[in-house]
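Colleague: Next input, structure requested:
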Amino acid sequence: MVSAMSNNTLGAFMEEELVSQPEVWQRAIEQSKAENLLPADGERIAVVGCGTSWFMAQSYAAAREAAGKGVTDAFAASEAFLNHNSAGRQYDAVIAITRSGTTTEVLDLLEALRGMAVSGKPRTVAVIGDVNSPITALADAVIGLPYADEKSVVQTRFATTALVYLLTSLGIELGTAIEHARTAVTDPVSQELLDAEQFTFLGTGWTVGLAHEAGLKMREAVQGWTESYPAMEYRHGPISIAAPGRVTWLFGAQPEGLDADMARTGALYVNTGKHPLAELARVHKVTLERARVRGLNPDLPRNLTRSVVLNTTA
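Modeller: Presented below is the predicted three-dimensional model:
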């Protein structure tokens, strides 16, 4: 059995990184306001990533369209329907989000785009943590966030910092997010959340991506049963699993009547009204503590590595 003392050392990197988020976000806000590397308003863009980065791409895409800045599509890099083939869509620019800059699917996509004829080639922008990674030679522009890079396999601050940079570029003010996050990353976790059997995360608009990311985070670090949905879709079936000992956690605006519906299920309904980004940071804290009480190390989760580098020569 793992002792309580050794439990406190599990996820040491994750803890340091998640707690640093408010300060790191402030740096990203200042950097975003000082740079002009992202596509212009009105340009048609695609945003790609893998895993966590894909979910951040979803959040940015929804926020950019909602802000009236132009058509914005988000793709898993392996499924990007881009114009490097005859059937692909036409985009003015492609943004790739990747912490390591070594993820095979992202590199392959940018390599294919680089090989296109100049007349049809979209401009490419990489948002990265490791500024010495191979992707810097493939993208037309690089947004480096080395101060948000991480040692833990489980991502926290790079993902949220990349999104903060991108949301700031849309003119979205995030001071409230930083204020709320200062307590979210340090507040104690209730026993009810530590013991819960199952979590479902919900979002609307740009926070749907946050819900998907919250679910992924807890699956990675805690090996837990988690699900995620657009909030309005939850009552179209998934609410059937809500029960005592389980949790439904909402990011952002609540659909009318959801609180009453949740009360009838007996599940714990978390709807704090805090900024959605701060709530994602709170999920990071809950995830860390749930992993620790189970003797799991989220810095080295089962079957995962910091970057997925595939052998494509077979």
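
Colleague: Assign Val94 to one of the three secondary structure states.
Modeller: Three-state secondary structure (criterion: DSSP: H, G, I helix; E, B strand; the rest coil) places Val94 in strand.

Colleague: Identify the bridge partners of it.
Modeller: Val94 forms beta bridges with Ala46, Thr124, as assigned by DSSP bridges.

Colleague: Go ahead and confirm Gln26 touches Ala181.
Modeller: No. With the criterion set as Cβ atoms under 8 Å, Gln26 and Ala181 do not qualify as a contacting pair; they are 10.3 Å apart. Every C-beta, even on glycine, is put in place using the N, C-alpha and C of the backbone.

Colleague: which one of these two has more residues nearby?
Modeller: Neighbours of Gln26 and Ala181, each counted by other Cβ atoms under 10 Å, are more numerous for Ala181; the result is 27 against 15.

Colleague: Beyond the helix or strand of the chain with the lowest mean pLDDT, next helix or strand please.
Modeller: Of the helices and strands making up the chain, the lowest-confidence element is helix 4-7, at a mean of 51, by mean pLDDT, DSSP states H and E. As assigned by DSSP states H and E, the chain's next helix or strand after helix 4-7 is helix 12-19.

Colleague: by contact count, what packs against that next one?
Modeller: Based on contacts counted as 3 or more Cβ pairs under 8 Å, 6 or more residues apart in numbering; DSSP states H and E, the elements that helix 12-19 packs against are helix 276-293.

Colleague: Show me what the helix it packs on is packed up against.
Modeller: helix 12-19, helix 21-34, helix 157-169, helix 175-184, helix 191-195, helix 207-222, strand 246-251.

Colleague: Which residue, neighbours along the chain excluded, lies closest to Pro146?
Modeller: The spatial neighbour of Pro146 that comes closest, neighbours along the chain excluded (Cβ to Cβ, 6 or more residues apart in numbering), is Val131 at 5.1 Å.

Colleague: Wasn't the one you found part of a helix?
Modeller: No. With three-state DSSP as the criterion, Val131 is located in coil rather than a helix.

Colleague: Neighbours of it, how many?
Modeller: Other residues lying near Val131 total 15 when counted by other Cβ under 10 Å.

Colleague: what's the answer for the one 3 residues further on, then?
Modeller: Burial of Pro134, expressed as a neighbour count using other Cβ under 10 Å, amounts to 13.

Colleague: isn't it right next to Ser100, touching?
Modeller: No. Contact criterion Cβ under 8 Å: Pro134 and Ser100 do not qualify, at 9.5 Å.
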